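Participant: What follows is a protein structure lacking sequence information:
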């Protein structure tokens, strides 16, 4: 499938904080034009009404469709370099997930069942109902839910340095990551990061990276300008606040196995082998690889390794 370059559509939905809740507002033309300057070679920026939510996505290339799902605290732009490489052989489509970037911010819907439904509708819109899916971090959690709830939509699944919902260690007193509890707390993280969004996002990205400068300052600024806009951090924290619901849904899949081919890519200094270990009893056809010199952001920290593994897996 070939995606041609088009003009931005004007008037996409965004959100603003009204107390702790989110309400819909519109995207400025200036914001759209800023994205236009960031598009990968041959890329197009579009909007689609899918499943009752307005999603922004960027597409490029031709060939089998590959959906790229970003995590927190990123946007579609996390995949820009990956898109330029993969678009030689594939049609690559990178959405801003619900509430993030130029996609609509909604008061609720950040549980991964709902995000999976968004992606299912997007796959129907851009690929006729079936595609390869690559998910990192929160995007990986949503991709895992999609694979269980709607396996007919996925040809091959790639999960990148994420943890299966319910397998996260959220207890900082027992070796877990402190940010889970902080991000899940109501209102407090918004209050403490207000006016410091870029500094907070940069600190998180650096902490989770092994190659500390792999995610560049320009990329961090691009992510932060969206999360720092009204309602942006609340939407981002919404992905964390939904984790208890996500864990309960994932537990309901106990005893079921994914039949499609699955590739697990972990950063040695990120989740390591935890992702593959969790997937082995859950995936009938699992391939697992480790990026040795990488932390959480494998596509940035080990780009050649990452693209080679994804290309090989999707092409065989």
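Facilitator: That came in fine, so what should we check first? Only a predicted model underlies this, so the values are computations on that prediction, with no experimental measurement involved.
Participant: Now stretch 157-170: average pLDDT?
Facilitator: Average pLDDT, stretch 157-170: 96.
Participant: Can you give me the first-to-last residue distance of that stretch?
Facilitator: Start to finish, the residues bounding stretch 157-170 are 26 Å apart (CA to CA, to the nearest Å).
Participant: Could I get the buried residue list for it?
Facilitator: 157-166, 168, 170 (16 or more other CB atoms under 10 Å). Backbone N, C-alpha and C define where each C-beta goes, glycine included.
Participant: What of stretch 133-152?
Facilitator: 133-148.
Participant: Which one of those residues is nearest to residue 301?
Facilitator: Of all those, residue 301 sits closest to residue 136, with 11.8 Å by CB to CB.
Participant: got the contact list for the nearest residue to that closest one once chain neighbours are set aside?
Facilitator: In this structure, residue 136 finds its nearest non-sequential neighbour in residue 160, 4.1 Å apart by CB to CB, 6 or more residues apart in numbering. Residues near residue 160 by CB atoms under 8 Å, 6 or more residues apart in numbering: 134-137, 140, 265, 298-299, 306.
Participant: Neighbours of residue 261, how many?
Facilitator: The tally of other residues near residue 261 (other CB atoms under 10 Å) stands at 19.
Participant: any idea how far residue 142 is from it?
Facilitator: 19 Å (CB to CB, to the nearest Å).
Participant: for the buried residues of stretch 133-152, which one is nearest residue 254?
Facilitator: Ranked by distance to residue 254 (CB to CB), the buried residues of stretch 133-152 are led by residue 148 at 10.8 Å.
Participant: Is that closest one in a helix, a strand, or coil?
Facilitator: Classification of residue 148 using DSSP: H, G, I helix; E, B strand; the rest coil returns helix.
Participant: Which pLDDT value goes with it?
Facilitator: So, for residue 148, pLDDT stands at 98.
Participant: Surely it and residue 258 touch.
Facilitator: Yes - applying CB atoms under 8 Å, one finds residue 148 in contact with residue 258, separated by 6.9 Å.
Participant: my guess is residue 42 contacts residue 62, does it?
Facilitator: No - between residue 42 and residue 62 no contact is recorded; they are 9.3 Å apart, counting by CB under 8 Å.
Participant: Quick one: the strands in this protein, in order.
Facilitator: Secondary structure of the chain (DSSP state E): strands located at 13-18, 21-26, 44-50, 53-61, 65-69, 91-95, 131-136, 154-160, 258-267, 283-291.
Participant: Which of those strands comes out lowest on mean pLDDT?
Facilitator: For the strands of the chain, where the average pLDDT is lowest is strand 13-18, sitting at a mean of 27.
Participant: so what's the nearest residue to residue 287 once chain neighbours are set aside bridging to?
Facilitator: Distances taken as CB to CB, 6+ apart place residue 263 nearest to residue 287, at 4.9 Å, with adjacent residues excluded. Counting by DSSP bridges, residue 263 is bridged to residue 158, residue 287.
Participant: Just to check, residue 223 is in contact with residue 77?
Facilitator: Yes - look at residue 223 against residue 77 with CB under 8 Å: they come within range, at 6.9 Å.
Participant: Can you give the distance of the longest helix along the chain from its chain's centre?
Facilitator: Using DSSP state H, we find that the single longest helix of the chain is helix 112-127. Computed by CA atoms, centre = their mean, to the nearest Å, the chain-centroid distance of helix 112-127 equals 13 Å.
Participant: re the thing from before, out of the buried residues of stretch 157-170, flag the one nearest to residue 198.
Facilitator: Looking across the buried residues of stretch 157-170 and measuring by CB to CB, the closest to residue 198 is residue 161, at 22.8 Å.
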